[in-house]
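K.L.:
Sequence first, predicted model second:
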Amino acid sequence: MASATDTARADPSEGSEDLPLRRRLIRFGGSRLGGLIFALNLLSLLILLGGALALNEYSRGLVQARQESLRVQAELLSNVLGQLGITRGEPTPTLDPIAASQWLRDNFIPSGQRARLYDADGLLVSDSYAVTDAIPGNPLPPANPAGSPVVQTADPALIRDNLDKANAALGAEIEAALLGEAQATVRRSEDGDRVVSVSLPVRHVQQVLGVLTLEAGDVDQILGAQRRALVPFAVVALAVNLLASLLLHLFVARPVLRLSAAADEVKQGRARAISLPDLEDRRDEIGDLARSLESMTETLSDRMDAIERFAADVSHEIKNPLTSIRSALETLDLVKDPAKRETLTRVLQQDVRRLDRLITDISNASRLDAELSRDRPRPIDLAALLADIVSVYETTSKPGEATVRLTVAADGPLRVMGRDGPLGQVFRNLIDNARSFSPEGRDVRLTLRRDDADPETPLRILVEDDGPGIPTENLETVFQRFYTSRPRGTAFGSNSGLGLSIVRQIVEAHGGRVTAGNRMDDAGAVRGARFEVALPVVGRRA
């Protein structure tokens, strides 16, 4: 056939059967390709998520740790300031600004921190940046060459706005601390940097003498370093996503495009079937799709070839009676003898009946595929179906016709998954064929049995007659379309040669097989024909 020469047939067992359990376990939802895509994308997301969570947790932990550290230092310093007598005035003590400033200068050592001391009225008494040699700020950029235009590096309005906001936040913090409540906040400094600030009241016994504020402005620098440390995570995640995209393109997008192009070739008539061996060898969904498409297109190609052969056979078979009818009609006007005219008339009637039978059987055969695909299979009790068919023959049998006998040689229900209409046609065709060869007064025997030696098709239905049998060389030919080999005396045109062909087509559509043979006696003589239908059973035998 054309499809057999144009394409290579894929192994159906590799695409349609259930996967072994071991292979299912290594796949995601039964999909190896889906598992790979899912794992790669999940890995990139986990990398980014892990880095973000680590940075957020680190940021929160850093702020809390700095606040706790500043609180401890502030409590120590405020206790010392309140208890060491750096006060003046009786009976109401106040801070000695000179002594307190001197003490802070001598004892407040940590770099990167700032200490401010306010009196009970909220006035600044001492600032560690003012009483030390440390000069806050960033290094100046390199000097521009002579003659370079002056570039404004900062907006004065923005600086004033930052100072106002910083002073307002600091003032609110100092006011709350003067009321005796310790404060711990994160706010913006005059330079716009984020600072962690702790303000504690300085007490002498219960008297609030002032407020000590400690600030740490290195949080943004530490977090900036951590963000820079996150860059490798982002780069790795980006690389993984790019790799996943590349794999999707190479293993999914391009093969699908190739399959689409191959399908277009079939649609435009340049090929009869899809054949992409490199894709069919894959063991993922793309390979399954390629094998399914190849199998589908090969099936369609085979069906097209079968339709072409069927049309050729139909044309040949119809031409015979039409040629006979035309010859009889052309001769009828020339014949004057009434006996000969009657003979020609009988020939015409026989050819018309033959043509009518051919057209009917051809119509039934052409509708068979549609009926098999339209009806939904269901469990059928084969014994009951055969009993119904035999009962119809018993009630409609005419004198001299062969009697149909049924024997069920198995216990329990014998069920087959199929369609009762086509299956009934199988056994009616076999019975009609056997009765047409049986001598008068003889029987056509149906036997339903079970052969568990063949687990695939254990149900066996035998149809036997006492006719002349089938020539050995025609045991397979009898199932070909329009093949007829009738005994002498059979009415001409009463058989189209499609009955046994339809039988094989229906049986194979139900997963079974049909064979033809002869009944032999002890001497080796033919005693009749035997047809055997083997069908799969529904469920297991109890």
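P.N.:
Looks like it came in fine.
K.L.:
use CA for all of it now, contacts and neighbours both
P.N.:
OK.
K.L.:
Would you map the strands across the stretch 51-200 of the chain?
P.N.:
Applying DSSP state E, counting those that start in this stretch to the stretch 51-200 of the chain gives strands spanning 87-88, 94-95, 113-119, 124-127, 183-188, 194-204.
K.L.:
swap in the stretch 351-500 of the chain?
P.N.:
378-381, 403-408, 415-418, 443-450, 459-464.
K.L.:
Quick check on the nearest residue to Ser197 once chain neighbours are set aside: phi, psi?
P.N.:
Of all residues not flanking Ser197 in the chain, Glu215 sits nearest, at 4.4 Å (Cα to Cα, 6 or more residues apart in numbering). Per-residue torsions, Glu215: phi -130, psi 150 (degrees, to the nearest 10).
K.L.:
So what pairs up with Glu215 in the strands?
P.N.:
Arg114, Ser197 (DSSP bridges).
K.L.:
for it, what are its contacts?
P.N.:
70, 113-115, 195-198 (Cα atoms under 8 Å, 6 or more residues apart in numbering).
K.L.:
Distance check, it against Ala130.
P.N.:
Distance of Glu215 to Ala130, computed by Cα to Cα, to the nearest Å: 14 Å.
K.L.:
swap in Ser59?
P.N.:
Distance from Ser59 to Ala130, by Cα to Cα: 30 Å.
K.L.:
Can you spell out which helices and strands pack onto the top helix by length along the chain?
P.N.:
Secondary structure of the chain read by DSSP state H shows that its longest helix is helix 32-83. Helix 32-83 sits against strand 194-204, strand 207-216, helix 219-248, with contacts defined as 3 or more Cα pairs under 8 Å, 6 or more residues apart in numbering; DSSP states H and E.
K.L.:
again, only using 6 Å
P.N.:
Where contact means 3 or more Cα pairs under 6 Å, 6 or more residues apart in numbering; DSSP states H and E, helix 32-83 is packed against strand 194-204.
K.L.:
Which other helices and strands does the strand it packs on contact?
P.N.:
helix 32-83, strand 183-188, strand 207-216.
K.L.:
mind putting the ones you listed in CSV, distance to Lys336 included?
P.N.:
CSV is the format used below for those (distance: least, Cα to Cα, whole Å):
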stretch, distance to Lys336
helix 32-83, 84
strand 183-188, 128
strand 207-216, 133
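K.L.:
Tell me which of the ones you listed sits most buried.
P.N.:
Comparing the helices and strands packed on strand 194-204 by mean neighbour count (mean count of other Cα atoms under 10 Å), strand 207-216 ranks first with a mean of 25.
K.L.:
how many degrees apart are it and strand 194-204 in direction?
P.N.:
160 degrees (axes from the mean of the first three to the mean of the last three Cα atoms, to 10 degrees).
K.L.:
Strand 207-216 relative to helix 32-83, how many degrees between them?
P.N.:
140 degrees.
K.L.:
CA atoms of strand 207-216 as PDB?
P.N.:
Taking Å, rounded to 0.1, in the frame of the first residue of the first chain, the C-alpha atoms of strand 207-216 are listed here in PDB:
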ATOM      1  CA  GLN A 207      13.400  62.100  88.900                       C
ATOM      2  CA  VAL A 208      13.700  62.400  85.100                       C
ATOM      3  CA  LEU A 209      16.900  64.500  84.600                       C
ATOM      4  CA  GLY A 210      16.900  64.300  80.800                       C
ATOM      5  CA  VAL A 211      17.000  61.900  77.800                       C
ATOM      6  CA  LEU A 212      19.900  59.900  76.400                       C
ATOM      7  CA  THR A 213      19.500  59.000  72.700                       C
ATOM      8  CA  LEU A 214      21.700  56.500  70.900                       C
ATOM      9  CA  GLU A 215      21.600  56.100  67.100                       C
ATOM     10  CA  ALA A 216      23.200  53.600  64.700                       C
END
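K.L.:
What average pLDDT does it get?
P.N.:
For strand 207-216, mean pLDDT rounds to 85.
K.L.:
Kindly report the same for stretch 82-89.
P.N.:
For stretch 82-89, the per-residue pLDDT averages 60.
K.L.:
Stretch 450-463 now?
P.N.:
87.
K.L.:
how far does stretch 511-523 sit from the chain's center?
P.N.:
Mean-position distance between stretch 511-523 and its chain equals 47 Å (Cα atoms, centre = their mean, to the nearest Å).
K.L.:
buried ones in that stretch?
P.N.:
The neighbour-count check on stretch 511-523 (16 or more other Cα atoms under 10 Å) flags 512-514, 516-519 as buried.
K.L.:
Where strands are concerned, which of these count?
P.N.:
513-514, 516-519 (DSSP state E).
K.L.:
Thr331: which of those is nearest?
P.N.:
Distance to Thr331, by Cα to Cα, is smallest for Ala516 among those, at 42.4 Å.
K.L.:
Without its sequence neighbours, what residue ends up closest to that closest one?
P.N.:
Phe531 (4.6 Å).
K.L.:
and that neighbour, that one's in a strand?
P.N.:
Yes - counting by DSSP: H, G, I helix; E, B strand; the rest coil, Phe531 is part of a strand.
K.L.:
What is the neighbour count of it?
P.N.:
19 (other Cα atoms under 10 Å).
K.L.:
Quick check: bridge partners of it?
P.N.:
Beta-bridge partners, per DSSP bridges, of Phe531: Val463, Ala516.
K.L.:
for it, what are its contacts?
P.N.:
Counting by Cα atoms under 6 Å, 6 or more residues apart in numbering, Phe531 makes contact with 462-463, 515-516.
K.L.:
tell me the pLDDT at it?
P.N.:
On the pLDDT scale, Phe531 gets 93.
K.L.:
Check Leu25 too.
P.N.:
Confidence score, pLDDT, at Leu25: 41.
K.L.:
returning to what we had before: out of the helices and strands packed on strand 194-204, which is closest to Arg357?
P.N.:
In terms of Cα to Cα, the element of the helices and strands packed on strand 194-204 nearest to Arg357 is helix 32-83, at 56.0 Å.
K.L.:
For Tyr308, report the pLDDT, please.
P.N.:
In this structure residue 308 is Glu, not Tyr. On the pLDDT scale, Glu308 gets 78.
K.L.:
How much space separates it from Ser301?
P.N.:
Counting by Cα to Cα - Glu308 and Ser301 are separated by 11 Å.
K.L.:
And for Thr447?
P.N.:
From Thr447 to Ser301 the distance is 38 Å (Cα to Cα).
K.L.:
swap in Thr403?
P.N.:
Taken as Cα to Cα, the span from Thr403 to Ser301 is 44 Å.
K.L.:
separation between Thr407 and Ala534?
P.N.:
Shown here: Thr407 relative to Ala534, a distance of 16 Å by Cα to Cα.
K.L.:
ok, now Pro455?
P.N.:
Distance from Pro455 to Ala534, by Cα to Cα: 11 Å.
K.L.:
Those two: which has the busier surroundings?
P.N.:
Taking other Cα under 10 Å, Pro455 and Ala534 do not tie; Ala534 has more neighbours (23 against 11).
K.L.:
which SSE is that one in?
P.N.:
strand 526-535 (DSSP states H and E).
K.L.:
Now that strand: buried residues?
P.N.:
Those would be 526-535, for strand 526-535 by 16+ other Cα under 10 Å.
K.L.:
try stretch 498-512
P.N.:
Neighbour counts using 16+ other Cα under 10 Å place 498-507, 510, 512 of stretch 498-512 among the buried residues.
K.L.:
Looking at the residues you listed, which one is closest to Pro255?
P.N.:
Of all those, His510 has the smallest distance to Pro255: 34.8 Å, by Cα to Cα.
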